[in-house]
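> return a 3D structure for these sequence lines:
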Amino acid sequence: MTRHLTRWAGALTALAVLPALLALAPGSTSASGADDRLAAMAPRPLIWERDFGDPSVVFDGTKWFGAATGFRGRGSDSANDWGIWNPTGDLLNAKPAWAKYAGVWGPDLERGPAGWLAYYTMPSRGLPHAQDRCIGVATAPSVDETFTPVSDRPLVCPDYSATEPASDPVGGRAGLPRRGVIDPSSFIAPDGRRFLLYRTQGTPSTIRMIRLNPAGTGTFGTSRELIRDVGVLENPVMVQHGDWYYLITSRGDYGDCRYRTIWRRSHFRHKDWQGTRGHALVNRRNSGVCGPGGADYVEATTSHANRLFFHGWVCKGTNLPCYQSYQGGKDFEDVGKRALYAARLRWTKNGPVLSAFVQGPEPVPPPPSPTPTPTPTVTPTTPPPTSPTSPPPTSPTTSTTTTSPTTSPTTTSTIPIPIP
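Next up is the predicted model:
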């Protein structure tokens with residue numbers, strides 16, 4: 001989606017030097033050597049202590065707010081995008097009646113005509129797979145409050161689900177698997193009309209668009225397919241800049257470091273997307289980030305102050321990239337987390353490019369271990385020597401007499417000595 005800011009500030013690292021760093025780095029035939037060089041050039045993430053995948057980020061004029069995948073959706077806020085992001089709790093205050101359970105994927109925040117809107121996905125009854133989903137919408141008076149689902153029926157859901165009929169039943173699915181829908185993303189045209197983009201699950205995958213009502217809580221007409229891909233194409237974000245419409249998407253397996261963010265463009269909002277070339281915007285090679293995807297675009301009101309927020313994998317307990325697979329049935333949060341990153345985006349006649357990364361806060365070092373309190377110890381002592389119990393022998397003619405010792409054994413008191 002396109003979002004508008006009123007100011008821009010942040011710590012930045014220029015991107016122009018990154019290809020040169022790769023070219024000048026010492027040669028290495030080992031994968032670990034290449035990984036080390038990539039990790040060294042990666043920016044510091046904004047959020048890394050907790051998982052923050054598929055981010056949606058907005059600025060309300062005072063603070064930054066973010067929402068991400070998680071139970072009822074995860075929320076965070078920050079006074080500065082490069083500062084400390086504090087968790088704010090659940091995005092939604094309830095599970096809608098149409099959902100099986102409250103696990104949210106890829107929420108999307110947008111300012112509404114009266115308050116704020118949150119588009120989200122939850123698993124729905126009647127769909128073939130456990131994680132097949134439908135799209136709902138929720139509202140809140142302000143973005144820092146929890147959102148309340150609008151309806152007992154979904155906004156977008158295939159007509160073969162067991163829920164109440166959705167506003168958009170996802171018609172015209174010829175050649176697609178019977179799956180759900182994910183990755184809602186709002187787009188507001190210059191004339192104020194609202195649209196919603198989303199992805200159909202399974203492969204081939206498609207990106208679709210439908211017009212919304214002025215409130216953003218219902219639909220007009222039917223959705224149409226913008227583009228179809230034999231693989232995974234997801235997380236659509238539409239931006240209008242100049243005479244072009246731009247479509248920013250993620251490509252590939254989100255659990256792989258080769259997952260990446262690409263863009264394409266068309267002169268028309270609803271057509272001529274199929275067959276357009278996808279251009280790299282952020283990937284592992286030009287960022288050092290493992291699997292940079294799930295991107296969200298925030299447009300500033302001043303020149304060259306646009307931002308791209310995206311997630312990438314970091315090793316558990318660190319803010320450093322972790323170049324491994326996060327699939328295979330294992331609990332990925334036991335291995336790594338999806339951190340939140342940000343970059344400054346600049347428009348050129350040839351399309352968008354990243355000009356600098358926003359550097360997140362330095363990790364807070366752990367407090368020093370307390371010095372243990374010394375334990376007093378008693379040092380044993382050896383009694384001093386005493387007189388022999390028998391006198392030395394005398395001449396043979398002298399009788400031997402037994403005498404008492406000349407001194408008594410001495411007891412010594414010890415002073416406790418601290419052990420360093």
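
> going forward, measure contacts between C-alpha atoms and count neighbours the same way
OK.

> point out where the chain drops to low pLDDT.
Along the chain, the parts satisfying pLDDT under 70 run over 1-32, 301-304, 328-333, 364-367, 369-420.

> partner residues bridging Asp77?
Phe65, Asn86 (DSSP bridges).

> so it sits against Asn86, correct?
Yes. Asp77 is within contact range of Asn86, at 5.4 Å (criterion: C-alpha atoms under 8 Å).

> now Leu345. Nearest residue, chain neighbours left out?
Leu354 (4.5 Å; C-alpha to C-alpha, 6 or more residues apart in numbering).

> element containing the one you found, please.
Element membership for Leu354 (DSSP states H and E) is strand 351-358.

> that strand: which residues count as buried?
Across strand 351-358, burial judged by 16 or more other C-alpha atoms under 10 Å covers 352-358.

> with stretch 244-253 instead?
Buried-residue list, stretch 244-253, by 16+ other C-alpha under 10 Å: 245-253.

> can I get those in CSV with distance to Gly192 and secondary structure?
Shown next, in CSV, are the buried residues of stretch 244-253 (distance: C-alpha to C-alpha, whole Å; DSSP: H, G, I helix; E, B strand; the rest coil):
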residue, distance to Gly192, secondary structure
Tyr245, 16, strand
Tyr246, 18, strand
Leu247, 19, strand
Ile248, 21, strand
Thr249, 23, strand
Ser250, 26, strand
Arg251, 30, strand
Gly252, 33, coil
Asp253, 35, coil
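
> which among these gets closest to Ser287?
Ser250 (15.1 Å; C-alpha to C-alpha).

> tally up the residues packed near the spatially closest residue to that closest one that is not a sequence neighbour, please.
Leaving aside its chain neighbours, Ser250 sits nearest to Thr261 (4.5 Å; criterion: C-alpha to C-alpha, 6+ apart). Counted with other C-alpha atoms under 10 Å, residues neighbouring Thr261 total 26.

> the helix or strand harbouring Thr261 packs against which elements?
Element membership for Thr261, per DSSP H and E: strand 260-266. Counting contacts by 3 or more C-alpha pairs under 8 Å, 6 or more residues apart in numbering; DSSP states H and E, strand 260-266 packs against strand 244-251, strand 279-282, strand 290-298.

> right, so of those strands, which gets closest to Asp168?
strand 244-251 (21.5 Å).

> can you spell out which helices and strands pack onto that closest one?
Packed next to strand 244-251, using 3+ C-alpha pairs under 8 Å, 6+ apart, are strand 233-241, strand 260-266, strand 290-298.

> can you redo those strands as TSV with distance to Leu46?
Below are the helices and strands packed on strand 244-251 laid out as TSV (distance: least, C-alpha to C-alpha, whole Å):
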stretch	distance to Leu46
strand 233-241	20
strand 260-266	18
strand 290-298	14
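
> what bridges to the residue nearest to Ser250?
Residues in beta-bridge contact with Thr261 (DSSP bridges): Ser250, Val282.

> do you know how far it is from Gly278?
As for Thr261, its distance to Gly278 is 9 Å (criterion: C-alpha to C-alpha, to the nearest Å).

> and what of Arg194?
For Arg194 relative to Gly278 (C-alpha to C-alpha), the value is 25 Å.

> also Ala68?
Look at Ala68 and Gly278: by C-alpha to C-alpha, they are 25 Å apart.

> who has more neighbours, those two?
In terms of neighbours (other C-alpha under 10 Å), Ala68 is the more surrounded of Ala68 and Gly278; the figures are 29 against 15.

> that one and Thr88 touch, don't they?
No. Here Ala68 does not reach Thr88: they are 11.5 Å apart, not a contact under C-alpha under 8 Å.

> overlap in contacts, those two.
Common neighbours of Ala68 and Thr88, counting by C-alpha atoms under 8 Å, 6 or more residues apart in numbering, are 74-75.

> residue ranges for the helices of this structure, please.
Ranges of helices in the chain, per DSSP state H, are 18-24, 31-41, 284-287.

> quick revisit: can you redo the buried residues of stretch 244-253 as CSV with distance to Ser266?
Formatted as CSV, those follow (distance: C-alpha to C-alpha, whole Å):
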residue, distance to Ser266
Tyr245, 5
Tyr246, 7
Leu247, 8
Ile248, 12
Thr249, 14
Ser250, 18
Arg251, 19
Gly252, 22
Asp253, 25
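
> what about Val239, neighbour count?
21.
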